[in-house]
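Asker: Build me a structure from this.
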Amino acid sequence: IDEAEALSLINPNTLLIITDTHKAEMIESKAVYEKVKNLIIIDHHRKNVNYIDNAFLFYHDPHASSAAEMISEIIPYFKNLGKIPCCPADALLAGITLDTKNFIVRTGVKTFEAAAFLRRNGADVTRVRKMFRENATEYFTVYAFSTENWKRPDEEVGALLVLFKQYLEESLRDFLDDDI
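Answerer: Down below sits the predicted model:
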């Protein structure tokens, strides 16, 4: 929805969830932010001096790979939610993929657990790759395995290899069709 429609829908019970930033100047609509009184912030960036200080919940983890990882950790606590629809699951996996540069930087066990959770709930790496390609992203690089990854704990190396194998198996047909 656009800003005008969002402003028309706001009432005293409206909850605004701001993700991937905690700075008011980075928010898409300052007018919506200023009108809504109930705020939740979910962010993984280091806390800045000019942070939003009127949120009733400020979930902040600078060690997380992405806000998408943090959201993926929260979802299982909503018992009545059921299975996540594919589109939001793909979007969350895309967020993790983008912020970690395809699981190369800022990853840990929590990152792989979040990705595995999303995959179990219908996220598909092939759809995510297509989403990057179709949304005007110039290129999407697949890193097979960096030398840094071998220095990780065995549990993380194993999780990386499983993800890479799944990605290759699911993407092979598309790779061949697209001459990749």
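Asker: any idea where the helices of the chain begin and end?
Answerer: For the chain, the helices defined by DSSP state H occupy 3-9, 30-35, 67-74, 86-99, 109-120, 125-134, 154-177.
Asker: Reformat those helices as JSON lines; add mean neighbour count and mean pLDDT.
Answerer: For the C-beta atoms, the positions are set from N, CA and C on the backbone; glycine is no exception. Putting the helices of the chain into JSON lines (neighbours: other C-beta atoms under 10 Å; pLDDT from 0 to 100) gives the following:
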{"stretch": "helix 3-9", "mean neighbour count": "11", "mean pLDDT": "91"}
{"stretch": "helix 30-35", "mean neighbour count": "14", "mean pLDDT": "92"}
{"stretch": "helix 67-74", "mean neighbour count": "22", "mean pLDDT": "94"}
{"stretch": "helix 86-99", "mean neighbour count": "20", "mean pLDDT": "91"}
{"stretch": "helix 109-120", "mean neighbour count": "19", "mean pLDDT": "93"}
{"stretch": "helix 125-134", "mean neighbour count": "17", "mean pLDDT": "83"}
{"stretch": "helix 154-177", "mean neighbour count": "14", "mean pLDDT": "70"}
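Asker: With residue 51 as the reference, name the closest of the ones you listed.
Answerer: Among those, the nearest to residue 51 by C-beta to C-beta is helix 30-35 (13.0 Å).
Asker: Can you give me the end-to-end span of stretch 93-107?
Answerer: End-to-end distance of stretch 93-107 (C-alpha to C-alpha, to the nearest Å): 13 Å.
Asker: make that stretch 48-57, sorry
Answerer: 17 Å.
Asker: Enumerate the positions of it that are buried.
Answerer: In terms of neighbour count (16 or more other C-beta atoms under 10 Å), stretch 48-57 has its buried residues at 51, 52, 55.
Asker: re earlier: dump the helices of the chain to JSON lines, plus distance to residue 61.
Answerer: Shown next, in JSON lines, are the helices of the chain (distance: least, C-beta to C-beta, whole Å):
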{"stretch": "helix 3-9", "distance to residue 61": "27"}
{"stretch": "helix 30-35", "distance to residue 61": "22"}
{"stretch": "helix 67-74", "distance to residue 61": "6"}
{"stretch": "helix 86-99", "distance to residue 61": "13"}
{"stretch": "helix 109-120", "distance to residue 61": "9"}
{"stretch": "helix 125-134", "distance to residue 61": "23"}
{"stretch": "helix 154-177", "distance to residue 61": "18"}
